[in-house]
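Undergrad: sharing a model that was predicted from the sequence below.
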Amino acid sequence: MLQCISGGIHLFYRPGAEAILPCDDVSSSDRVCSTVYWLYSRDLSQTFGLVKNGNVNKSARAARMSLDTNCSLVINNITAEDVGYYSCRQAQKLDIKVYLSIVTILPSPPDADPKTDGKVTLECSLLRFSGLTPCRQNSIRWVNETGTVLPGEGVTYEIIESMKCVSPLTVKRQSGHNRRYTCQVVDERNNVQIEVDYTPVFTCGINDDQTDKSNTDWSPLDYVMLTLRISGLLLITVIVVLLIKGRGNKTPPHQNNVHDDGDEVKYENVEATSAAT
């Protein structure tokens, strides 16, 4: 996240992070920040005072700024408006120059419909001080979840208040897990200064693998309907069991008479005849 080159210190952060801009020229025996000034320039046209005699000046950004015990400038929850050139100034000492940059990844356009076609374009943007030279063509690269370098579409830059270096990557929409794309900002020796991960959420279409439907979010109505169906099935099962059990418990009627082709045999007369004999 920190790169020291001729002309100053380069810091790279993600949006929302806490940035610490060092004022390293303060020696260990001289930690008094009452003589420290911090200046800020978003572009070459203006410079603003952020800290005077160790105190943060009142501004819209002042609530997010403070000095630590080393007189370093601490900026909480950094945003694009914090990108630029900073300098720590002390009496009779050289200024410490710090360049703060932010790296983001977003789909292009940001509100693109995930079902529009089979591809999506990701844009890795490096926001930095406009006074710097344009980005090198290979200063931003893409890698996948296995670390394989992907063939991006080069690096372009735009000057809109600040220098914006953009590297697009077009990938095919596909179902499945563990898909991750990483944007890396590298120096001239291909040392990684910062990397930002992006895991796209692909929506399954009609022709996609149906096995991914299990990952679809259910609405409350879906759960209610499923509960009613299960309850109905259980109720039918109970009724059928009770009917079968009821039939099995019925006692067949006691038969005193035996019929054979309509002729009735009376056991009383048989017993009487035997006695007479």
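TA: That came in fine, so what should we check first?
Undergrad: show me the shaky parts of the stretch 151-277 of the chain.
TA: Scanning the stretch 151-277 of the chain for pLDDT under 70 picks out the ranges 152-162, 173-178, 201-219, 248-277.
Undergrad: against which helices or strands is the longest strand along the chain packed?
TA: Criterion DSSP state E: the longest strand present in the chain is strand 96-108. If contacts are counted by 3 or more CB pairs under 8 Å, 6 or more residues apart in numbering; DSSP states H and E, strand 96-108 sits against strand 8-13, strand 19-21, strand 84-89, strand 119-128, strand 181-186, strand 192-198. Any C-beta I mention is one placed from the backbone N, CA and C, and that applies to glycine too.
Undergrad: the third one vs strand 119-128, what angle?
TA: Between the axes of strand 84-89 and strand 119-128, defined by axes from the mean of the first three to the mean of the last three CA atoms, to 10 degrees, the angle is 20 degrees.
Undergrad: equivalent analysis for the first one, please.
TA: Using the same axes, to 10 degrees, one finds that strand 8-13 and strand 119-128 are set 140 degrees apart in direction.
Undergrad: elements contacting strand 8-13?
TA: strand 2-5, strand 19-21, strand 96-108, strand 192-198.
Undergrad: so for it, mean pLDDT?
TA: Throughout strand 8-13, pLDDT has a mean value of 94.
Undergrad: neighbouring strands - and their directions - for that strand?
TA: Strand 8-13 pairs in its sheet with strand 2-5 (antiparallel), strand 96-108 (parallel), by DSSP bridges.
Undergrad: domain map for this protein?
TA: Domain segmentation of the chain under automatic domain parsing yields 2-102, 103-208.
Undergrad: of all the helices and strands packed on strand 96-108, which one is nearest W142?
TA: For the helices and strands packed on strand 96-108, proximity to W142 was assessed by CB to CB; strand 181-186 is nearest, at 6.0 Å.
Undergrad: ok, and what's touching the closest one?
TA: Contacting residues not belonging to strand 181-186 are listed as 12, 103, 105, 122, 124, 126, 138-145, 150, 167, 169, 171, 192-200 [CB atoms under 8 Å, 6 or more residues apart in numbering].
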